[in-house]
Structure formats: structure tokens, C-alpha cells
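**Student:** Return a 3D structure for these sequence lines:
(one chain, ligands or ions: 1)
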Amino acid sequence: MMDMKIKQRSDYTFKYNKKLGRHGWLRLTPAYSVKLVEEIIDNLPEDYFILDPFSGTATTGLVAAEHGISAHCFDINPFLIWLGNSKCINYSYSEIKELKISIDKVIIKCQELVDEDNWLPNIHNIQRWWCEQTLKIIGALRQALVNQFGEPRENHVSSLAWISFCRLIIETSSAAFNHVSMSFHNEVIPFEIEQIESLYLEILEAIIQSAGENISGNSSVHFVDSREPTSIGDFQYSHVVTSPPYPNRISYIRELRPYMYWTKFLDTAREAGELDWKAIGGTWGIATSRLQDWESNGIELPESLKAVVFDILQTKEKNSLLMGNYVWKYFHDMHLHLQNLRPRLKKGAVLSYIVGNSSFYGVQVHTEQLLEDSLRSLGFTNIGSKIVRKRNSKKELFEYCVYATWQETRKYEPAYFNSRAAKQIQLELF
Ligand SMILES: C[S@@+](CC[C@H](N)C(=O)[O-])C[C@H]1O[C@@H](n2cnc3c(N)ncnc32)[C@H](O)[C@@H]1O
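**Tutor:** Residues are numbered from 1 along each chain as shown. Model (predicted):
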């Protein structure tokens, strides 16, 4: 009965964003849906101040700004910070006009550079992504962009040219993004220079068009590790709207690598592992080997977490110790985040966290319940969760919205995600 009722709701995933102006500039599968954020922030007055401590592609920041609400967003990934800020700023008519003139020069320069030995990124097995002929052309285009604008930089109209370049490299690659993670097509397609130029100009034109539409709110993305007590000033937020990483061993770095290497935000595989080690739930490269020896710094965590980790260890599978440590560290980091979030919250602040549950060797990890337990032990009030959607892969995998208030004694339950089917499932599960 359970599965018949709760739908997968692709409108509640990144797929919904593809054709929505700036939201569709660059896809990232862990991005959440604009619609979901809109439902959460529906009817908020413009003087509300939102925080998204796990910004990703800045969906929250951009939706807020589009609704005239201000937001701060945090992330630890420098590429995503650059991308997020580029999505949230306004571009003037004269800036865009100048950009178009510069791009004409870039295209001419690309043709001149195509037979030269241009810089190519240090991507492992790069021929799996692009054939030699395509690589030569996108290498020349990249060099022409660097000659014209320099490497990607914050708050500059040339970001539009670079974001278009990122789209181009993915659209000319053999990577397939039609499911949650990423895979490769069997063949790499060779492109001619004319095809690449016209594809690039087509992408740029679409991006420029949406960049020309002004947004009224102020949103910005900052380099902040959300587990740390340090922030960007004495700001206090009335709402936290976010989707943190899930405990499912999916590393953002895997999908972001091509963009990050081509734009020089990443240079080596080691750097990728280092970055993922800082990410909550990260497991790329060195992040996994470090996990073997990781020990908590002694913060008090809910008993329910100990029970789940114990069950994983009891499965006695080859990697049960590693997976137990993975789950432990994930919830440890999320607890630390929620603990250090408290001073940044206004009295009565409302938290909405979109999270997914997972399973390790048949042991169910109820992310929503474990986070609720952390919130309770940290003194939050009005704690609860609602089912948002069913995830596709396994029957028992769902996405939830975990909510809570800070220093609010009055009773509160959010109005969003109130479908009858979701309520029914919630009752059946617990
Ligand atoms: C699920 S994604 C967020 C997706 C986002 N809602 C969107 O629509 O694009 C989670 C983000 O959290 C970031 N992150 C992971 N650990 C972090 C930390 N310790 N501090 C700040 N951000 C972190 C990751 O880099 C990633 O961009």
C-alpha cells in the first residue's frame, strides 16, 4: 500500500529546474527543486533573512532573491561558491553588450589557436570524456577565453562566458547524467570546430538572456564550513532552508570534476580527495582512507545513533567497520553543524532541512529521525519531519523535510508538504 501512494515527484528534483532561467545554467544532480524551495518559503515577507548552510548550486539563494528575500549561503566548494554568486548577481545591459563584443574576439582567437599545443586539464583518462579532436577545439576555446578574460573570477560578467564553457564541455563529452549519479556512454563523439562554436554561442545566448532579467533580492554565497562556529559576521537568520549532503556515499566531487578541472578550481586527484574530506558525507579518494582511522572529538551524540552504528557493525560484512565509521562521522558532523548554528539564529527561527534516508547492509539509517534526535538534544523545539517524495532506487528510500524552531515556545507545524498520501505513509512507517 505504501508504494502505491507516495510518488517519486520528479518536479521535486533537480529535473524541474532545467528550463527555469538561471536555475538551469548548470545542472548538478544533488541540487533540489525550485518548486520545493518555493513551497517552503511561500508567503514569507520580504524582510525575512534566510540562511542556506549547504548551498550547492545556490538554488535557495536564487529562489529567495527572485522573491525579493535576502539570503546568505555557505559552501566549502570554491567552484560552487563562484557559480552560486554568478547566478545571484545582476548584470547590466552595458556589461552584457560588452561581453557579446568580447565573445566575437574569443571565437576568432579560438580558430587561430586550434592547432597549437594548448593547456589541457589533468583529468584521469581524459579520452574517456572527449576524443582528441574535440579536446583540441575545447582546449583552444578555453585558451581564447583566458586570453580575453583571465581565469574565472567573482562578480564579473565574464562568468557568463565561463559557465557557458562548462555547459559546453559536458554537452560535448560522453558523460551521461540521466540518473542520480553519472556514467559514460560507450562512444565519444568527434566534433568539428564549427559545431563547437555554434553550440557554444547557442548556450551563451540562452544564458545571457536569463542573466538580463533582474532579480530584486540580495543573495550571496560564502566560503564557510558549516560545522565551524565561525561565520561571516554578526548576522542572525529567521529561516534556514537547505538540503545538506545525505549519508549515501555520493560525492559531489565526482560530478563536479570536469567543470572544476577545466576552470582550474582543481588541479590534482589529491586535491579532489582533500576537498571531499571537508565535505560532510564525502568519500572521494583520500577521504575514504582517512575515514578508517577517524575518531570523534568526543561530542555527546544521541543514543539512537549508537544503536544504528552498532547494527551496521554487527552485520560483520567486509566493510562494516568503514561504513559504521562513515555513518557515525556523518551524524557527528551534522550534529556539530546544528550545535554551532544556534548563535546564528533569531529567536523563533524556523529550520527546514531536506534529507534522504539510506541503508547499509540492510540496516535502515533513518536520517530524519537521527537528525530530529540531534535537534532535540540541542534544545530546538517543534521538531518533526514530513515525507516529501519517494526516491527512485529502492522502495524504502524517501526524501523528508525535517523541521524545527529555535527558542519558540508556541506550537508550530509548517504548512508545506501536507499531502494525504505522505501523512498516511508517515503513520504506516512509525
Ligand atoms: C545536497 S548539496 C546542496 C544542493 C543545493 N540545495 C542545490 O540545490 O544545489 C550539499 C552541499 O553541501 C556542501 N557541503 C558539504 N559539507 C559542507 C560543510 N562542511 N560546510 C558547508 N558546505 C558543505 C557540498 O559542497 C554541497 O554543495
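**Student:** What segments of the stretch 251-400 of the chain are helices?
**Tutor:** In the stretch 251-400 of the chain, the helices defined using DSSP state H, counting those that start in this stretch lie at 252-262, 269-278, 286-293, 303-314, 320-341, 367-377.
**Student:** Are the last one and the ligand in contact anywhere?
**Tutor:** If I follow you right, that is helix 367-377. No. Applying C-beta under 6 Å from any ligand atom, one finds that helix 367-377 is not in contact with the ligand, the shortest distance being 12.4 Å. Glycine gets a C-beta too; all of them are placed from N, C-alpha and C.
**Student:** In this structure, which residue sits nearest the ligand?
**Tutor:** Per C-beta to the nearest ligand atom, residue 56 is where the chain lies closest to the ligand, at 2.6 Å.
**Student:** show me where the stretch 51-200 of the chain has strands.
**Tutor:** For the stretch 51-200 of the chain, the strands defined by DSSP state E, counting those that start in this stretch cover 70-75, 175-176, 183-184.
**Student:** Quick one: low-confidence residue ranges for the chain.
**Tutor:** Along the chain, segments meeting pLDDT under 70 span 1-8, 177-182, 184, 392-395, 419-430.
**Student:** What about residue 97, how many residues nearby?
**Tutor:** 11 (other C-beta atoms under 10 Å).
**Student:** related to what we said a few turns ago, tell me which of the strands of the stretch 51-200 of the chain is the most buried.
**Tutor:** Among those, strand 70-75 has the highest mean neighbour count (mean count of other C-beta atoms under 10 Å), at a mean of 25.
**Student:** tilt between that one and helix 252-262?
**Tutor:** 90 degrees (axes from the mean of the first three to the mean of the last three C-alpha atoms, to 10 degrees).
**Student:** quick one, strand 70-75 and helix 320-341 angle?
**Tutor:** Strand 70-75 and helix 320-341 are oriented at 150 degrees to each other (the same axes, to 10 degrees).
**Student:** Show me which residues of the stretch 201-350 of the chain sit near the ligand.
**Tutor:** Checking the stretch 201-350 of the chain against the ligand by C-beta under 6 Å from any ligand atom, the hits are 225-227, 243-245, 252, 279-280.
**Student:** Output the residues you listed in CSV; the columns should cover neighbour count.
**Tutor:** CSV is the format used below for those (neighbours: other C-beta atoms under 10 Å):
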residue, neighbour count
225, 18
226, 24
227, 19
243, 24
244, 23
245, 21
252, 23
279, 21
280, 21
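**Student:** Inside strands: which ones of those?
**Tutor:** Judged by DSSP state E, strands contain none of these.
**Student:** ok, those residues vs residue 365, which is closest?
**Tutor:** residue 245 (13.3 Å; C-beta to C-beta).
**Student:** residues touching that closest one, list them.
**Tutor:** The contact partners of residue 245, taken as C-beta atoms under 8 Å, 6 or more residues apart in numbering, are 30, 54, 252, 279-282, 330.
**Student:** what does residue 188 give?
**Tutor:** 127-131, 134, 173-174.
**Student:** Out of the residues you listed, give me the one that has the most neighbours.
**Tutor:** residue 130 (25 neighbours).
**Student:** if we can go back for a sec, export the contacts of residue 245 to CSV and tack on distance to residue 76?
**Tutor:** Shown next, in CSV, are those (distance: C-beta to C-beta, whole Å):
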residue, distance to residue 76
30, 14
54, 9
252, 10
279, 6
280, 9
281, 12
282, 10
330, 15
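**Student:** re earlier: quick one: closest of the strands of the stretch 51-200 of the chain to residue 43.
**Tutor:** Nearest to residue 43, of all the strands of the stretch 51-200 of the chain, is strand 70-75, at 16.2 Å by C-beta to C-beta.
**Student:** Contacts for that closest one, please.
**Tutor:** If you take C-beta under 8 Å, 6+ apart as the criterion, strand 70-75 is touched by 49-56, 58, 60-61, 64-65, 81, 84, 217-226, 232, 235, 237.
**Student:** ok, 7 Å please
**Tutor:** With C-beta atoms under 7 Å, 6 or more residues apart in numbering as the contact definition, strand 70-75 has outside contacts at 49-56, 58, 60-61, 64-65, 81, 84, 217-222, 224, 226, 232, 235.
**Student:** which among those residues end up buried?
**Tutor:** 49-56, 58, 60-61, 64-65, 81, 84, 217-221, 224, 226 (16 or more other C-beta atoms under 10 Å).
**Student:** Filter those residues down to the ones in helices?
**Tutor:** Among the buried ones among the contacts of strand 70-75, the members found in helices (DSSP state H) are 60-61, 64-65, 81, 84.
**Student:** what's around residue 138, how many residues?
**Tutor:** For residue 138, using other C-beta under 10 Å, the count is 22.
**Student:** What of residue 356?
**Tutor:** Using other C-beta under 10 Å: residue 356 sits among 21 other residues.
**Student:** Ok, the one 4 residues further on next?
**Tutor:** If you count neighbours by other C-beta under 10 Å, residue 360 ends up with 23.
**Student:** right, and it touches residue 311 too?
**Tutor:** No. Contact criterion C-beta atoms under 7 Å: residue 360 and residue 311 do not qualify, at 8.8 Å.
**Student:** Give me the contact list for stretch 195-208.
**Tutor:** In contact with stretch 195-208 (C-beta under 7 Å, 6+ apart) are residues 25, 96, 103, 107, 137-138, 141, 160-161, 163-164, 167-168, 171-172.
**Student:** per-domain residue ranges of this structure.
**Tutor:** Per the record, the chain has its domains at 2-89+216-429, 93-211, by automatic domain parsing.
**Student:** so which of the ones you listed is the most packed in?
**Tutor:** domain 2-89+216-429 (a mean of 19).
**Student:** Keep only the ones in helices among the buried ones among the contacts of strand 70-75 that also lie close to the ligand.
**Tutor:** Within those, nothing lies near the ligand by C-beta under 6 Å from any ligand atom.
**Student:** Lovely, talk soon.
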